[in-house]
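K.L.:
Turn this into a structure:
(one chain, ligands or ions: 1)
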Amino acid sequence: MRKQIVAGNWKMNKTYEEALSLVSEIDNMVKDEVNSQVTVIVAPPFPFLQSVGKLTQGNDLMHLAAQNMSEHESGAYTGEVSASMLKSVGVQYVIIGHSERRMYHHEDAQTLYKKLKAAIAQGITPIFCCGEPLEERDADRHFDYVGKQLHDSLSYLSNEEFDQVVVAYEPIWAIGTGRTASSQQAQEMHAYIREQLSRMFDAEAAFNTSILYGGSCNPGNARELFSQADVDGGLIGGASLKSRDFTDIIKSF
Ligand code: 13P
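P.N.:
Reported below is the predicted structural model:
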């Protein structure tokens, strides 16, 4: 079954105290206000994962994600964090291939494939990000660009492995810019992504995959975006740092 998901990617924001108060507020609002269909995910920075996870443990709607992980299992990789470490502190989801990781940390398609495999092997659900830069959209090459990103990292997974994957479409020109994709632009890309997935994997798996939209999603535009047939939720940056805004987005289904 395709899940409705709203995930908050906190990126490199908040101190420990701030993180705990943000997640407490979200936890309380979700308990009081949210219908039980939606899977809510928070992705705090690494040092806060365990404490944030403990705070949300009693709330079945709330889930914990990491923003990144190593492609390696263990060993001499200073500064890296493995899937099994994440698993051992209760992480259920991990964001893989965010455009900021691809851009600033030079993560290529092969590395992302290895990260996907490593997460799935630990039973952690990857949220695989794709999305084109502005120049590709302006040149009308956005479908090919995103299709290649999907093919280059996902197509080597088995059907069983792919069953674990969530996809997020985040056009780079919409991230943190206040310029969101129109609901029509989101829908046509999400439908294209689903069609590409049905070519790589079995059609039922593609139909059941949750495809999230990310990029300047806020309480004012979430309802319109989430009402599209192939938009199954959102990956939220800036607006996930404010409990009221994040909860209102969750309530937009
Ligand atoms: P904004 O919601 O701040 O545009 O960020 C989107 C994003 O990159 C989520 O991963």
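K.L.:
which of the residues in stretch 122-138 are buried?
P.N.:
Buried residues in stretch 122-138, counting neighbours by 16 or more other CB atoms under 10 Å, are found at Q122, I124, T125, P126, I127, F128, C129, C130, G131, E132, E136, R137. In this view, the C-beta of every residue, glycine as well, is placed from N, C-alpha and C.
K.L.:
Please identify which two of these are farthest apart in space.
P.N.:
Q122 and R137 (35.2 Å; CB to CB).
K.L.:
where does I41 land in three-state SS?
P.N.:
At I41, secondary structure determined by DSSP: H, G, I helix; E, B strand; the rest coil is strand.
K.L.:
Which of the three states applies to the closest residue to it other than its chain neighbours?
P.N.:
With CB to CB, 6 or more residues apart in numbering as the criterion, I41 has its nearest non-adjacent residue at 3.8 Å, and that residue is A7. What three-state DSSP gives for A7 is strand.
K.L.:
Could you check how far H72 is from the ligand?
P.N.:
Using CB to the nearest ligand atom, to the nearest Å, H72 is found at 24 Å from the ligand.
K.L.:
how many neighbours does that residue have?
P.N.:
Residues lying near H72 (other CB atoms under 10 Å) number 14.
K.L.:
For it, pull up the helix or strand it's in.
P.N.:
Using DSSP states H and E, no element contains H72; it sits outside every helix and strand.
K.L.:
can you list contacts of stretch 8-16?
P.N.:
Residues outside stretch 8-16 that contact it (CB atoms under 8 Å, 6 or more residues apart in numbering) are 19, 22, 26, 41-45, 47-48, 51, 65, 67, 95, 98, 100, 214, 235-237, 240-241, 246.
K.L.:
So which bits of it are buried?
P.N.:
For stretch 8-16, by 16+ other CB under 10 Å, it's G8, N9, W10, K11, K14.
K.L.:
need the residues you listed in JSON lines with distance to E224 and pLDDT, can you?
P.N.:
Shown next, in JSON lines, are those (distance: CB to CB, whole Å; pLDDT from 0 to 100):
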{"residue": "G8", "distance to E224": "20", "pLDDT": "98"}
{"residue": "N9", "distance to E224": "21", "pLDDT": "98"}
{"residue": "W10", "distance to E224": "24", "pLDDT": "98"}
{"residue": "K11", "distance to E224": "24", "pLDDT": "98"}
{"residue": "K14", "distance to E224": "29", "pLDDT": "98"}
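K.L.:
Please list which of those are also close to the ligand.
P.N.:
N9 (CB under 6 Å from any ligand atom).
K.L.:
hang on, the earlier thing: sitting in helices, which of the buried residues of stretch 122-138 do you find?
P.N.:
E136, R137 (DSSP state H).
K.L.:
Could you single out the nearest of the buried residues of stretch 122-138 to E107?
P.N.:
C129 (10.4 Å).
K.L.:
need the contact list for the closest one.
P.N.:
Here C129 is in contact with I95, I96, G97, H98, S99, V167, A168, Y169, E170, G214, L235 (CB under 8 Å, 6+ apart).
K.L.:
Just the ones of the residues you listed in helices?
P.N.:
S99.
K.L.:
Is it possible to get TSV of the contacts of C129 that adds pLDDT, neighbour count and distance to the ligand?
P.N.:
Formatted as TSV, the contacts of C129 follow (pLDDT from 0 to 100; neighbours: other CB atoms under 10 Å; distance: CB to the nearest ligand atom, whole Å):
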residue	pLDDT	neighbour count	distance to the ligand
I95	98	26	7
I96	98	29	12
G97	98	28	11
H98	98	27	6
S99	98	20	7
V167	98	25	13
A168	98	27	7
Y169	98	27	11
E170	98	26	5
G214	98	27	4
L235	98	28	5
